[in-house]
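Enquirer: Test case, fold it:
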Amino acid sequence: MGSIDKVRSISVWIFVIPFISVNACLLIVTNFHQILEPGVPISPTFPYFDGGVSISRTVRNFPLYLIFKPAMFITSFLLILYWLNTKKIINHFHKDYVNERRIIFFGISSAILLTLHSIFLGIKFDNDLYKLFRRVVMLSFIIFELIAQAYLIKFFYEIRQDLNIHINIGYLKIKRILIIFLISISIITLPFLPFDNFKFLKHAIEWNIFLGVIAFYLLTHLMWKKDTTL
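Expert: The predicted model follows:
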């Protein structure tokens with residue numbers, strides 16, 4: 001299987017696995033209270049709109065982390081495979097591309113940060129420094145993902161004439177719009193993160209940024225044409 005076929009195959013799973021796992025946890029925590037630890041149940045909510053609960057609050061308690069953690073470990077592994085195969089694609093079209101190391105560094109680092117976040121998820125330790133560490137790791141994962149994706153979109157636009165036979169250009173344009181939107185929302189939201197007054201807004205943005213980040217990979221799957229050898 002060529003690098004493009006591998007990227008197409010891997011990308012769809014990077015979308016499907018996190019999407020199903022986190023929304024399965026949301027369904028359980030809001031509708032099946034009897035299987036949860038005391039004090040965990042949350043009122044019915046659709047946090048993509050109302051911000052009624054954070055992703056961390058949704059997935060960190062037993063038995064929910066038994067669903068979420070393995071899914072994130074698998075996703076981290078797939079992310080590493082994705083970026084390594086993306087490196088081969090970059091080298092094929094542009095040997096010694098100036099931003100190649102940045103793309104691969106931020107991409108693989110994001111996978112490592114996701115693994116770290118998953119390891120510490122559900123570990124109860126009442127320490128402000130520990131809580132800050134978890135937030136920084138999760139925030140860094142999102143930032144590194146957005147940087148890697150932005151650099152990759154930039155590369156594809158620079159060589160788009162050479163990509164015509166390999167990609168559906170419409171999806172590349174959608175990916176560019178998506179990454180600009182996600183970066184813009186992240187920058188606008190950043191000053192409000194320390195304040196509890198905007199809790200529901202921050203939760204809603206968190207869910208939608210999560211969806212946007214994994215949607216990037218679904219668009220990657222759709223962008224590359226089938227049976228393209230490379």
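Enquirer: what about G212, neighbour count?
Expert: Number of residues near G212 (other Cβ atoms under 10 Å) recorded here: 18. The way it works is simple: take the backbone N, C-alpha and C, and place the C-beta from them, glycine included.
Enquirer: check contacts around the closest residue to it other than its chain neighbours.
Expert: Leaving out its chain neighbours, the residue that sits closest to G212 by Cβ to Cβ, 6 or more residues apart in numbering is L182, at 4.8 Å. L182 makes contacts with 146, 209, 212-213, as judged by Cβ atoms under 8 Å, 6 or more residues apart in numbering.
Enquirer: Among the residues you listed, which ones are in helices?
Expert: When DSSP state H defines the helices, the subset of the contacts of L182 inside them is 146, 209, 212-213.
Enquirer: any chance of those in CSV, plus pLDDT and distance to R176?
Expert: Shown next, in CSV, are the ones in helices among the contacts of L182 (pLDDT from 0 to 100; distance: Cβ to Cβ, whole Å):
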residue, pLDDT, distance to R176
L146, 93, 13
I209, 91, 17
G212, 93, 13
V213, 92, 15
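Enquirer: just the helices in the protein please.
Expert: 3-31, 47-50, 55-59, 65-93, 100-120, 128-158, 160-163, 169-189, 199-223.
Enquirer: What residues sit buried inside the last one?
Expert: Just to be clear, that refers to helix 199-223. For helix 199-223, the neighbour count (16 or more other Cβ atoms under 10 Å) marks 202-223 as buried.
Enquirer: again, but for the third one
Expert: Of the residues in helix 55-59, those scored as buried under the neighbour-count criterion (16+ other Cβ under 10 Å) are 55-56, 58-59.
Enquirer: Also the fifth one?
Expert: In terms of neighbour count (16+ other Cβ under 10 Å), helix 100-120 has its buried residues at 100, 103-104, 106-118.
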